[in-house]
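*Asks:* got a predicted structure plus its sequence, pasted below:
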Amino acid sequence: MADILVLHGPNLNLLGEREVDIYGTSSLEEINDKVKKAAAQVQVEVETWQSNNEGELIDKIHAARGKSKVIILNPGALTHYSYALRDAISSVEIPVIEVHLSNIYAREKWRQKSVTAGAAKGIIAGFGENSYLLAVEAALRIIGAKEV
């Protein structure tokens, strides 16, 4: 596994195709490429992975123990109800940065609560694909690859 593990939750494989007015026109592959390039500038390796399955995301978080230094996680809709995912985040000693393309706090009432954020080191939301790049910046600072 890489220094930074980027996990994408349900439906994010459809980025660039679905609800582009909310999530933008960039595909998941394009976002992953930008994330990898940003980290590569300071010789930090990034692994990206997407699943529509809650259990697979949990397994990936568990497998990152002792291998990844930071996890960047966009839980998608799991943000709002997955206590199992929250427990997985809490159970590993890896800083997790929660990311959202849209500002979940400015959307529908049910989207305004993140059950996973309380277990994360921090949350970045509302900046489109730049949310991921801001998370990379934070991750690089956490691992000491970039100065504050």
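*Replies:* Alright, I've got the coordinates.

*Asks:* from here on, contacts and neighbour counts on C-alpha atoms
*Replies:* Will do.

*Asks:* got the phi and psi for the residue nearest to Arg65 when sequence neighbours are not counted?
*Replies:* Leaving aside its sequence neighbours, Arg65 sits nearest to Val92 (C-alpha to C-alpha, 6 or more residues apart in numbering; 6.3 Å). Main-chain dihedrals, Val92, degrees, to the nearest 10: phi -110, psi 150.

*Asks:* burial of Val92, as a residue count?
*Replies:* Counted with other C-alpha atoms under 10 Å, residues neighbouring Val92 total 15.

*Asks:* pretty sure it is touching Ala63, no?
*Replies:* No: in this structure, Val92 is not within contact of Ala63 by C-alpha atoms under 8 Å, at 9.4 Å.

*Asks:* list the buried residues of the helix or strand Asp87 falls within.
*Replies:* Assigned by DSSP states H and E, Asp87 falls within helix 83-91. Of the residues in helix 83-91, 85-86, 88-90 count as buried by neighbour count, 16 or more other C-alpha atoms under 10 Å.

*Asks:* ok, now how distant is the closest residue to Tyr83 other than its chain neighbours from Leu14?
*Replies:* Of all residues not flanking Tyr83 in the chain, Val115 sits nearest, at 6.6 Å (C-alpha to C-alpha, 6+ apart). Distance, Val115 to Leu14, using C-alpha to C-alpha, to the nearest Å: 23 Å.

*Asks:* comparing these two, which residue is more hemmed in?
*Replies:* A direct count of neighbours by other C-alpha under 10 Å for Val115 and Leu14 places Val115 higher, at 18 against 14.

*Asks:* the more buried one is in what secondary structure piece?
*Replies:* Assigned by DSSP H and E, Val115 falls within no helix or strand.

*Asks:* backbone dihedrals for it, please?
*Replies:* The phi/psi pair for Val115 (degrees, to the nearest 10) is phi -80, psi -20.

*Asks:* quick one, what contacts the nearest residue to Ile89 once chain neighbours are set aside?
*Replies:* Closest residue to Ile89 apart from its sequence neighbours, by C-alpha to C-alpha, 6+ apart: Ala119 at 6.1 Å. Ala119 sits next to 86-87, 89-90, 96 when contact means C-alpha atoms under 8 Å, 6 or more residues apart in numbering.
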